[in-house]
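K.L.:
what would the 3D arrangement of this be:
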Amino acid sequence: MAEEQKPEPLLCLTNDGVAVPGLDDDGAEATRRKGCLASYSPFFGVGTFAFLELPEAWDLRVGPEPPECDLLGNWNPTGEFRWVVKGKLKVFLVNEDGRRIYLLSVEARDFRRASDAEETLRKKMEKLRKDKASEVLEEGTVSISGHDASYLVLARHKKKLFGREETRYMVIVGFFCDKTGRMLWVEVTGGPYLVEDVADLVSIISSLSCHE
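P.N.:
As a prediction, this is how the structure comes out:
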């Protein structure tokens with residue numbers, strides 16, 4: 001029996017930067033690199049979850065587990081990739097200046113009707129707000145590829161053995177892309193240092209491109 005070919009993570013970062021005014025502390029133009037969150041299979045080719053832009057001090061690293069690509073859409077106009085309509089991807093997002101590492105998780109789910117996706121998003125966000133183990137540190141809305149997206153910054157407390165408590169800090173964003181019929185749920189998880197990087201993390205997530 002032939003060995004099962006699992007999708008492999010495909011993380012691409014271009015060397016040519018995009019000048020973005022006003023991102024540096026000194027007010028000068030900062031350079032962002034374009035990257036993609038994707039997987040590769042020899043049978044199905046490249047499945048892309050999203051593209052993003054990273055500030056100069058940030059990088060992507062291969063995650064702790066292979067991506068899941070359960071459903072792919074049509075090929076893009078150039079035939080280079082297909083959008084992942086249903087699947088999950090986990091990668092490490094690294095702030096090299098601060099020597100901080102985060103787990104970036106992206107989940108794609110297909111919806112035929114925008115109203116169903118929006119209701120699902122509303123319920124998921126409301127559940128997080130009401131969770132007694134979660135403390136909402138910040139919330140707001142951003143625009144991602146022209147879509148309205150809600151985000152939460154949370155401190156999530158979890159009891160461990162012997163009464164010890166573990167706290168995870170998270171940025172969570174959810175939105176629906178009507179162009180590809182996908183709901184995208186994005187989570188960034190890290191330690192207490194995440195609070196210092198919230199502005200950068202929200203900016204990185206806001207740079208996501210989910211359709212052409």
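K.L.:
make it CA atoms for all contacts and neighbour counts henceforth
P.N.:
Will do.
K.L.:
show me what the helix ranked longest in the chain is packed up against.
P.N.:
Determined from DSSP state H, the single longest helix within the chain is helix 114-130. Judged by 3 or more C-alpha pairs under 8 Å, 6 or more residues apart in numbering; DSSP states H and E, helix 114-130 is in contact with strand 134-144, strand 165-177.
K.L.:
contacts for the next helix or strand after the shortest one, please.
P.N.:
With elements assigned by DSSP states H and E, the helix or strand that comes after strand 134-144 is strand 147-159. Strand 147-159 is contacted by residues 125, 133-143, 165-177, 198 when judged by C-alpha atoms under 8 Å, 6 or more residues apart in numbering.
K.L.:
ok, stretch 114-127 next?
P.N.:
Contacts for stretch 114-127 (C-alpha under 8 Å, 6+ apart): Phe111, Leu152, Gly174, Phe175, Phe176, Asp178, Gly181, Met183.
K.L.:
looking at those, state which has the most neighbours.
P.N.:
When neighbours are taken as other C-alpha atoms under 10 Å, the top entry among the contacts of stretch 114-127 is Phe176 (27 neighbours).
K.L.:
how close does that residue get to Gly146?
P.N.:
Distance, Phe176 to Gly146, by C-alpha to C-alpha, to the nearest Å: 10 Å.
K.L.:
next, the angle strand 134-144 makes with the longest helix of the chain.
P.N.:
150 degrees (axes from the mean of the first three to the mean of the last three C-alpha atoms, to 10 degrees).
K.L.:
in helix 114-130, what counts as buried?
P.N.:
Ala114, Ala117, Glu118, Leu121, Met125, Leu128, Arg129 (16 or more other C-alpha atoms under 10 Å).
K.L.:
also stretch 70-90?
P.N.:
Buried, per 16+ other C-alpha under 10 Å, within stretch 70-90: Leu72, Gly73, Phe81, Arg82, Trp83, Val84, Val85, Lys86, Gly87, Lys88, Leu89, Lys90.
K.L.:
pLDDT-wise, which helix or strand of this protein ranks last?
P.N.:
One helix or strand of the chain scores below all others by mean pLDDT, DSSP states H and E: strand 8-20, with a mean of 50.
K.L.:
many thanks, have a good one.
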